[in-house]
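J.: I would like the atomic coordinates for the input below:
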Amino acid sequence: MDNVETALPISARVSIPLSEVELTPIRASGPGGQNVNKVSTAIHLRFNISTSSLPTFYKERLLALRDNRITKEGVVVIKAQQARSQDRNRDEALSRLVELVKSVARIPKRRVPTKPTRASREKRIEGKKRRGRDKALRGKVNSSE
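T.: Below you'll find the predicted structure:
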C-alpha cells in the first residue's frame, strides 16, 4: 500500500477513507533492545465503526462480530508491531483492517441439516451390540464350573 492512497478499497463499490482511520505510532513491546526502546515503530490503529462511511450492512455485521479487536463502543483497535519499520507496520495494520471488513461481507452458506441413512443407523447399533457383548465377556469367571 502506498502512502499516497486516500482510501482503503474493500470491494468494487466500498472503500474506507483514510481520514476515518486513526493511526498512532507507539513504542513496540518485547525484545529488540535500543531500537524498540527509542523508536516508535509500532502502529496503533483505531477505526470507529458507527461514525464511519461504511454501508449499514457492513456496520451491523461488524458490530455483531464477537471479535476481541472490537470494543464495546464499536471501535476496531489493531496493534501492528512485527516489522522493524513504521511504514511496514502501518501497511500491516491497514491490511488487517481491510481483511476484517472483508470477512463480514461474505455471507456464510446456511447449513442444511441431514439425517443418517438407515444403513448407517443399523451399522452403528450393530457396533454398539458387538461392543456390549465384548464387555459382557469380561465379567468374573465362576470357579464352580
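
J.: Going by neighbour count, list what's buried in the helix or strand that contains residue 99.
T.: If you go by DSSP states H and E, residue 99 is part of helix 86-105. By 16 or more other Cβ atoms under 10 Å, the buried positions in helix 86-105 come out as 86, 89-94, 96-98, 100-101, 104. C-beta: built from backbone N, CA, C; applies to glycine.

J.: which helices and strands does that helix pack with?
T.: Helices and strands touching helix 86-105, by 3 or more Cβ pairs under 8 Å, 6 or more residues apart in numbering; DSSP states H and E, are strand 7-9, strand 15-17, strand 21-26, strand 42-48, helix 56-64, strand 75-80.

J.: The first one pairs with which strands, and in what direction?
T.: Which is strand 7-9. Pairing partners of strand 7-9, with direction, according to DSSP bridges: strand 15-17 (antiparallel).

J.: Need the residues that contact the strand it pairs with.
T.: Around strand 15-17, the neighbours that count as contacts under Cβ atoms under 8 Å, 6 or more residues apart in numbering are 6, 7, 8, 9, 10, 47, 52, 53, 54, 97, 98, 101.

J.: so where's the protein shaky on pLDDT?
T.: Scanning the chain for pLDDT under 70 picks out 1-5, 32, 35-37, 145.

J.: 80 instead?
T.: Counting by pLDDT under 80, the chain shows low-confidence ranges at 1-5, 29-39, 139-145.

J.: Neighbours of residue 119, how many?
T.: Other residues near residue 119 number 8, with proximity taken as other Cβ atoms under 10 Å.

J.: so it sits in a strand?
T.: No: Residue 119 sits outside any strand when classified using DSSP: H, G, I helix; E, B strand; the rest coil, being helix.
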